[in-house]
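here is a sequence with its predicted model. Questions after.
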Amino acid sequence: MTPAELSRTVLGALRHAVGEGEVRSVPEQVLGRVTVAVPRPGGYGDYACNVALVAAGPAHTSPLALAALLRERLRHDPRLADVRVTGPGFLNFLLADSSTYERDLVAETLAPRRGDALAGHRLVLRPLGERAHVLAEAVARITRAEGGEAHVRTDAGEPLRAAPPYEQTAPLDPDSRRWALLHTAPADRPRLDAALLVQRVENPLFLVRYAHSRARALVRNAAALGYAPEPGDSGPHAAPLLALLAEHPAVLRRAVEHRAPDRLARRLVRLADALLDLHDRTGGLLPLGGLKPQAAHRARLALAEAAGTVLAGGLTLLGISAPQYV
């Protein structure tokens with residue numbers, strides 16, 4: 001069960017509860033704020049969902065009562081090993097088959113898609129200043145990618161402000177300048193200096209591009225060895241990367257909701273780090289020497305391909321190129 005499937009399952013349970021008169025109706029715009037994410041440190045299971053916290057007010061009940069009601073509806077789902085209520089009303093889920101989860105998540109990430117999380121959402125932004133215009137364009141691209149409608153105008157719309165950058169002290173290419181303007185939080189002033197041109201992993205943009213290029217190279221090299229990616233079980237070292245992939249749709253939504261594309265840029269850096277860390281911890285994702293590829297090699301390759309796809313897609317949403325070779 002992927003995060004998207006789990007979200008649909010949870011919302012389906014809530015809608016059935018409304019239809020059967022157990023709780024009052026909840027507006028769809030409220031349900032749009034429901035998220036499924038990896039539990040925070042100290043949490044339980046594979047996923048946590050805030051549905052009861054979001055919907056309790058409109059449903060005229062308490063978060064704990066609504067969470068308990070939904071737990072009873074969901075705990076018999078054969079795809080879920082356990083459902084618990086934690087904290088003020090979070091629903092926590094333990095999946096029945098983690099290997100199936102990875103296979104489904106990677107397959108869903110690799111499949112051609114157009115998001116619908118923001119379907120029906122209309123956004124008109126009026127940027128105030130050059131940097132705000134760059135941010136507005138990025139927010140608009142993310143909105144459209146997730147099924148919403150977005151426009152950037154100079155004469156109308158929601159005002160969008162951003163702190164101006166410090167004076168530019170080095171000649172920068174358009175991608176490096178755009179990254180600097182987007183990677184820094186809107187309220188902070190970005191630096192436009194020579195550090196943006198360094199071809200080392202200390203430079204966040206280079207790190208993201210290098211990880212994407214490495215993922216593409218792994219797929220090409222595997223093809224030369226005669227095998228292809230196949231989603232499956234990548235082993236315990238894959239957990240951090242899988243968690244980041246699972247949370248990616250929620251990151252896109254939050255970037256739009258908070259008018260903060262820096263959330264996407266920073267998440268791409270974490271994703272790149274996790275991919276390279278998986279490569280190092282497993283001694284390389286391809287079989288060494290004359291060894292034949294095993295199921296784990298194919299699964300890790302599929303996971304790397306999925307990560308590379310998200311990295312490339314994220315850069316594109318920010319208006320930055322994702323070269324296959326760096």
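Yep, it's here. Residues are numbered from 1 along each chain as shown.

what sits against the closest residue to Ala260 other than its chain neighbours?
Closest residue in space to Ala260, ignoring its immediate chain neighbours: Pro186 at 6.0 Å, by Cβ to Cβ, 6 or more residues apart in numbering. Using the backbone N, CA and C atoms, a C-beta is placed for each residue, glycine as well. Neighbouring residues of Pro186 by Cβ atoms under 8 Å, 6 or more residues apart in numbering: Ala132, Leu135, Arg161, Ala162, Ala163, Arg259, Ala260, Asp262.

which residue ranges form the strands in the chain?
36-37, 47-49, 80-86, 90-95, 122-127, 149-152, 158-160 (DSSP state E).

got CSV for those strands, with mean neighbour count and distance to Glu202 too?
Shown next, in CSV, are these (neighbours: other Cβ atoms under 10 Å; distance: least, Cβ to Cβ, whole Å):
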stretch, mean neighbour count, distance to Glu202
strand 36-37, 22, 29
strand 47-49, 25, 33
strand 80-86, 17, 38
strand 90-95, 22, 37
strand 122-127, 18, 31
strand 149-152, 18, 33
strand 158-160, 13, 31
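
CSV for those, including distance to Ala107 and mean pLDDT?
Formatted as CSV, the strands of the chain follow (distance: least, Cβ to Cβ, whole Å; pLDDT from 0 to 100):
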stretch, distance to Ala107, mean pLDDT
strand 36-37, 18, 86
strand 47-49, 18, 91
strand 80-86, 20, 93
strand 90-95, 15, 92
strand 122-127, 31, 97
strand 149-152, 29, 97
strand 158-160, 37, 97
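
so what's Thr316 scoring on pLDDT?
In the predicted model, Thr316 carries a pLDDT score of 97.

how close does it sit to Val85?
Distance, Thr316 to Val85, using Cβ to Cβ, to the nearest Å: 39 Å.

so which of the strands of the chain is nearest Gly284?
Gly284 lies closest to strand 90-95 among the strands of the chain, at 28.5 Å (Cβ to Cβ).

pLDDT weak spots in the stretch 51-200 of the chain?
Low-confidence segments of the stretch 51-200 of the chain (pLDDT under 70): 98-99.

Arg103: how many residues sit nearby?
19 (other Cβ atoms under 10 Å).

identify the bridge partners of the nearest residue to Arg40 once chain neighbours are set aside.
Nearest residue to Arg40, sequence neighbours excluded (Cβ to Cβ, 6+ apart): Ala48, at 7.5 Å. Beta bridges link Ala48 to Ala37, Asn92 when assigned by DSSP bridges.

middle-most residue in this structure, spatially?
His248 (0.7 Å; Cα atoms, centre = their mean).

got the contact list for it?
Thr109, Arg267, Leu271, Val310, Gly314.

10 Å - rerun?
Residues near His248 by Cβ atoms under 10 Å, 6 or more residues apart in numbering: Pro3, Thr109, Leu264, Arg267, Leu268, Leu271, Ala306, Ala307, Val310, Gly313, Gly314.
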